[in-house]
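>>> build me a model from this:
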Amino acid sequence: MSGTFLEIERKYDITGQTSLPRLHGAAGVSRVGYRPPVALEAVYFDTRDRVLAANGVILRRRAGGEDAGWHVKIPSGAHRIEMQVPLASSERTGDGPAESVPYRVPEEIADLVAVHVRGRALVPVLSMNTLRSVVDLMDARGRTVAEVCDDQVAAMAAGSRTDSRVRHWREWEVEVVNPTLVGGMESVPGFLDAVESTLLDAGAQRSHAGSKLEKVLGRPADPLSPEGAGEGTDLATVLTRTVRTQVRRLKSWDPLVRRSADDAVHQFRVSARTLRSLLQIYRPLLEPEARKEVNRALRRLGRLLSAARDAEVLRDQVGERIAALPGGAEGLTAALIPKRTVRRLRDSQVREYRRAHRRLLAAMRSPWYAEQLDIIDRCARAVPLHPDLGAEQRRDAAAALAPLATAQVDSLLAHAETAEHEADEATRIEELHEVRKEAKRLRYAVSAVTDAAAIDLGDDLAEKMAVAKKLQTALGTHRDSVMFQDHVRSTARRAEKKGEPTFGYGLLYGAEIAVQTKALKKTTKLLSRLHSAASTEQA
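All right, here's what the predicted structure looks like:
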């Protein structure tokens, strides 16, 4: 099996020979199925300083069972994302114990943890044998909703003989394998709670360890964890906690970008842009040279992502725009567009995305990328404040940050006024794009701080933020429409040269005029609201 999955599970400690309770009827389970026990052998890998464990990442090679292969698990909120690669025919470098002659970690797997490893050696840290019995929890139609595993585990840490004491324990594990069968992700906690109630009544206890690996070796501290920055409301604490939160998010999307997972490029880019927004909006509070160095690194990352993201957007817009025509995708208007036209519009961006993604991967696998990550990490350890800041600015983050966010509103309105009086249409479109970027910068910089550090920057700014978010959306709709028109026009010209009919292109191009008109009307209203809010505060 190879792929990427969302792992939704809970673990429970159990002692003695307690049997799994009867689960038929629990949480609406209609049937249960018992599988024969299976023996699993696993070797876990990490760097010698255990950087993967510090970041909540698990890398293992498992033999036995239905999912034998190499597995990488990364945190994703309350759950994990698991990526799998099948076992190859020859993975050992020779014969002997795993510690002395380790398995060769496949390049495809090493690539998925490179954002943390950055050239360090991956070595075995734990060997584990598990005898697993699985009970399938099924709905009335016999479809498996969840699996309950009864695991008898023997694990041994790698290292010297004195460190290699074998540990034995037993645990139960409940994993939801098909969330849609319990009503979607929002219903998963309730389902798990219902199953948990039955297990707790049978003598189980919720495990404090997040994984079997953590149960044996513990979890080393992450020097860049947001929690490690503290809970204070001083400027250094608030900015460091905020930056660390965004750096953690950026790194979490790295392996998914490498796998070309849905929305990964977009989310990676959002994290990079949020970090840049923090550096730009709060620039006067930061040490200039350090700020410039990090900003350059983030700008370069952003440029790498742009081509892939633009192609992704245009590719998806083709189907969306046809569905938005009168009558929808199956209506009479859509029927006037030849299938060849649709294929040409979409396939050209599919190819462009693949080319852009290959270029992106080449950069991410280069020493240059690791250097940029090192620069970002240095900033996250302790955000460098400007040496000339006064004691009051350092003491009260909200008082220092709020005026700079308000100044961003003024900058946004100035750009909007320039766009309003611009006669040249092409220049006006670019000015509107600048307004959108200003609105996005404001939203990212304020939301990042208030979400990560839970500080209040004032009701006035919150009101402006709400308007700025809507403004960004309206101008984003306008920008995407303009880009789609450009794509339609350039593709139509190529089709015309090949003697293909171009009526369908004209139909799609013309439909965008209404989209842009509506977006601009909404933009005008939102700018008026934002201007009024700014004027009221100044008065």
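>>> any idea which helix is longest in the chain?
Counting by DSSP state H, the longest helix found in the chain is helix 459-497.
>>> relative to helix 459-497, how tilted is the helix or strand that it is followed by?
Counting by DSSP states H and E, the next helix or strand C-terminal to helix 459-497 is helix 503-538. Calculated by axes from the mean of the first three to the mean of the last three Cα atoms, to 10 degrees, helix 503-538 forms an angle of 160 degrees with helix 459-497.
>>> same for helix 503-538, what does it pack against?
helix 288-323, helix 339-364, helix 397-420, helix 425-453, helix 459-497 (3 or more Cβ pairs under 8 Å, 6 or more residues apart in numbering; DSSP states H and E). From N, CA and C alone the C-beta is placed, and that goes for glycine too.
>>> buried residues, the last one. List them.
The reference is to helix 459-497. For helix 459-497, the neighbour count (16 or more other Cβ atoms under 10 Å) marks 461, 464-465, 467-475, 477-482, 484-485, 487-488, 491-492, 495 as buried.
>>> then the second one?
For helix 339-364, the buried set under the neighbour-count rule, 16+ other Cβ under 10 Å, comprises 341-342, 344-346, 348-349, 352-353, 356-357, 360-361, 363-364.
>>> other SSEs contacting that helix?
With contacts taken as 3+ Cβ pairs under 8 Å, 6+ apart, helix 339-364 sits against helix 235-258, helix 288-323, helix 459-497, helix 503-538.
>>> quick one: the helix or strand following it to helix 288-323, angle?
Note on helix 339-364: by DSSP H and E, the next helix or strand toward the C-terminus is helix 367-381. With the same axes, to 10 degrees as the basis, helix 367-381 and helix 288-323 are set at 110 degrees to each other.
>>> and helix 367-381, C-alpha only, in CSV?
Extracted in CSV, the C-alpha atoms of helix 367-381 (Å, rounded to 0.1, in the frame of the first residue of the first chain):
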residue,chain,number,x,y,z
PRO,A,367,21.5,22.8,0.2
TRP,A,368,20.1,26.3,-0.5
TYR,A,369,16.7,25.3,0.9
ALA,A,370,18.2,24.0,4.1
GLU,A,371,20.1,27.3,4.5
GLN,A,372,16.8,29.2,4.2
LEU,A,373,15.2,27.0,6.9
ASP,A,374,18.2,27.6,9.1
ILE,A,375,17.8,31.4,8.8
ILE,A,376,14.1,31.1,9.6
ASP,A,377,14.9,28.9,12.6
ARG,A,378,17.3,31.4,14.0
CYS,A,379,14.6,34.0,14.0
ALA,A,380,12.1,31.6,15.7
ARG,A,381,14.5,30.8,18.6
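>>> give me the mean pLDDT for that helix.
Averaged across helix 367-381, pLDDT comes to 96.
>>> now do stretch 272-280
According to the model, stretch 272-280 has a mean pLDDT of 96.
>>> other residues contacting it?
If you take Cβ atoms under 8 Å, 6 or more residues apart in numbering as the criterion, stretch 272-280 is touched by 239, 242-243, 246-247, 250, 286, 291, 294-295, 298-299, 301-302, 305, 376, 440-442, 444-445, 448-449.
>>> likewise for stretch 249-259?
Applying Cβ under 8 Å, 6+ apart, the contact partners of stretch 249-259 are 4, 55, 72, 74-76, 81, 83, 111-116, 264-265, 267-268, 271-272, 275, 360-361, 364, 373, 376.
>>> can you tell me which of these are buried?
Buried among these (16+ other Cβ under 10 Å): 4, 55, 72, 74, 81, 83, 111-116, 264-265, 267-268, 271-272, 275, 360-361, 364, 373, 376.
>>> let's see which of those residues end up in strands.
Within the buried ones among the contacts of stretch 249-259, residues falling in strands by DSSP state E are 4, 72, 74, 81, 83.
>>> min pLDDT across the residues you listed, which one?
Among these, residue 4 has the lowest pLDDT, at 89.
>>> bridging residues for that one?
For residue 4, the beta-bridge partners are residue 83 (DSSP bridges).
>>> could you number the chain from 3 rather than 1 from now on?
New numbering, starting at 3: the last item is residue 6.
>>> how far away is it from residue 531?
In this view, residue 6 and residue 531 are 42 Å apart by Cβ to Cβ, to the nearest Å.
>>> and the helices and strands packed on helix 505-540: which comes nearest residue 506?
When the helices and strands packed on helix 505-540 are compared for distance to residue 506 using Cβ to Cβ, the nearest one is helix 341-366, at 4.0 Å.
>>> could I get the average pLDDT for that closest one?
Mean predicted lDDT for helix 341-366 stands at 96.
>>> I'd like to check the angle between it and helix 461-499, please.
Per the same axes, to 10 degrees, the angle that helix 341-366 makes with helix 461-499 is 120 degrees.
>>> any idea how far helix 341-366 is from the chain center?
Remark: helix 341-366 is offset 22 Å from the chain centroid, using Cα atoms, centre = their mean, to the nearest Å.
>>> where's residue 218, which helix or strand?
Secondary structure assignment for residue 218, by DSSP H and E: helix 214-219.
>>> what does the pLDDT read for the closest residue to residue 459 other than its chain neighbours?
Leaving aside its sequence neighbours, residue 459 sits nearest to residue 404 (Cβ to Cβ, 6 or more residues apart in numbering; 4.5 Å). The score at residue 404 is 93. That number is its pLDDT.
>>> could you report the neighbour count for residue 404?
Residue 404 has 19 neighbouring residues, counting by other Cβ atoms under 10 Å.
>>> and if you look at residue 235?
A count of neighbours around residue 235, defined by other Cβ under 10 Å, yields 16.
>>> from memory it sits against residue 458, does it?
No. Residue 235 lies out of contact with residue 458 (Cβ atoms under 8 Å); the separation is 9.7 Å.
>>> overlap of the contact sets of those two?
With Cβ under 8 Å, 6+ apart, residue 235 and residue 458 have common neighbours residue 400.
>>> now the spatially most central residue of the chain. Nearest residue, chain neighbours left out?
The centroid of the chain falls nearest to residue 255 when counting by Cα atoms, centre = their mean (4.2 Å). Spatial nearest neighbour of residue 255, excluding adjacent residues (Cβ to Cβ, 6+ apart): residue 270 at 4.0 Å.
>>> please apply the same query to residue 35.
Leaving aside its chain neighbours, residue 35 sits nearest to residue 138 (4.0 Å; criterion: Cβ to Cβ, 6+ apart).
>>> what secondary structure does the one you found sit in?
Here residue 138 is recorded as strand under DSSP: H, G, I helix; E, B strand; the rest coil.
>>> contacting residues around it?
The contact partners of residue 138, by Cβ under 8 Å, 6+ apart, come to 34-37, 146, 148-149.
>>> could you check how far residue 527 is from residue 33?
Going from residue 527 to residue 33 by Cβ to Cβ gives 56 Å.
>>> can you report how many residues lie near the closest residue to residue 328 other than its chain neighbours?
Nearest non-adjacent residue to residue 328, counting by Cβ to Cβ, 6+ apart: residue 335, 4.9 Å away. The local packing of residue 335 (other Cβ under 10 Å) involves 14 other residues.
>>> and if you look at residue 399?
Other residues near residue 399 come to 25 when the count uses other Cβ under 10 Å.
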